[in-house]
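Enquirer: Here is a sequence together with a model predicted from it:
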Amino acid sequence: GAVVSQHPSWVICKSGTSVKIECRSLDFQATTMFWYRQFPKQSLMLMATSNEGSKATYEQGVEKDKFLINHASLTLSTLTVTSAHPEDSSFYICTSGTSAETQYFGPGTRLLVL
Amino acid sequence: GENVEQHPSTLSVQEGDSAVIKCTYSDSASNYFPWYKQELGKGPQLIIDIRSNVGEKKDQRIAVTLNKTAKHFSLHITETQPEDSAVYFCAASINTGNQFYFGTGTSLTVIP
């Protein structure tokens, strides 16, 4: 069964609103989770590393004030897309695991901003 | 940071033929190289992986080779079947963390 879940699986929102995406590890405690973004017909791009109990680490070019990450517990990381715009429409995927070989992908969240 | 390049971007083969997808990476600290298959509307699924201390790994019709010196690794699919049609991504993970840097993807079409 799935070891990493995401919620919601897809969401449609109006431009200017904020959207929260949850990533949960189901069978293990995750001190670190990773957030990726995939635009249509493109590759997955690492956005940020979510660290339990401390600030997230963002990749170059990713606005930390726009993509707020909170990792308040060992099983939950949230990504909030603030003031979403159509160009934020994408497939957002989280991963977590205890090693590189055991990184489990969440099923992804498809965001459409109108 | 790490930069992973992948070729070709699209690949069409006849059923039963072999398919080869190649990737290069830039950071010599990378030591783990997974390959993922992604079907339309779904998340990536791990199909095979290789560590930097191994030159080749095989799992039934799928094999991966790694050349650390040249910093490139390849995916080989033999006896392709229509259900192999999907987008394939290579990735590299640097020794210091568990995050992945993905290649640009290869859309594989197996023609029946």
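Expert: Nice, I can see it. Numbers count the residues shown, from 1 in each chain, chains lettered A, B, ... in the order given.
Enquirer: hey, let's count contacts and neighbours off CA atoms from now on
Expert: OK.
Enquirer: strand partners of the worst-scoring helix or strand of chain A on mean pLDDT, parallel vs antiparallel please.
Expert: Among the helices and strands of chain A, strand A:103-105 carries the lowest confidence by mean pLDDT, DSSP states H and E, at a mean of 88. For strand A:103-105, the paired strands and their directions (DSSP bridges) are strand A:90-97 (antiparallel).
Enquirer: hey, C-alpha coordinates of the partner strand in CSV?
Expert: These are the backbone C-alpha positions of strand A:90-97, laid out as CSV (Å, rounded to 0.1, in the frame of the first residue of the first chain):
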residue,chain,number,x,y,z
SER,A,90,1.2,22.3,-12.1
PHE,A,91,1.5,18.8,-10.7
TYR,A,92,3.0,19.0,-7.2
ILE,A,93,4.6,15.8,-5.8
CYS,A,94,6.2,15.1,-2.5
THR,A,95,8.6,12.4,-1.6
SER,A,96,9.8,11.0,1.7
GLY,A,97,11.8,8.1,3.0
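Enquirer: For the residue nearest to B:Phe102 when sequence neighbours are not counted, what is the enclosing helix or strand?
Expert: Counting by CA to CA, 6 or more residues apart in numbering or on different chains, B:Ala91 is the residue found nearest to B:Phe102 once chain neighbours are left out, at 4.2 Å. Taking DSSP states H and E as the definition, B:Ala91 sits inside strand B:86-94.
Enquirer: Which neighbouring elements make contact with that strand?
Expert: Contacts defined by 3 or more CA pairs under 8 Å, 6 or more residues apart in numbering or on different chains; DSSP states H and E place strand B:86-94 against strand B:4-7, strand B:30-38, strand B:100-102, strand B:106-111.
Enquirer: So which residues on chain A come close to chain B?
Expert: If contact is defined as CA under 8 Å from any CA of the partner chain, the residues of chain A in contact with chain B are A:34, A:42-46, A:49, A:93, A:99-101, A:103, A:105-108.
Enquirer: Please consider this matter closed, and thank you.
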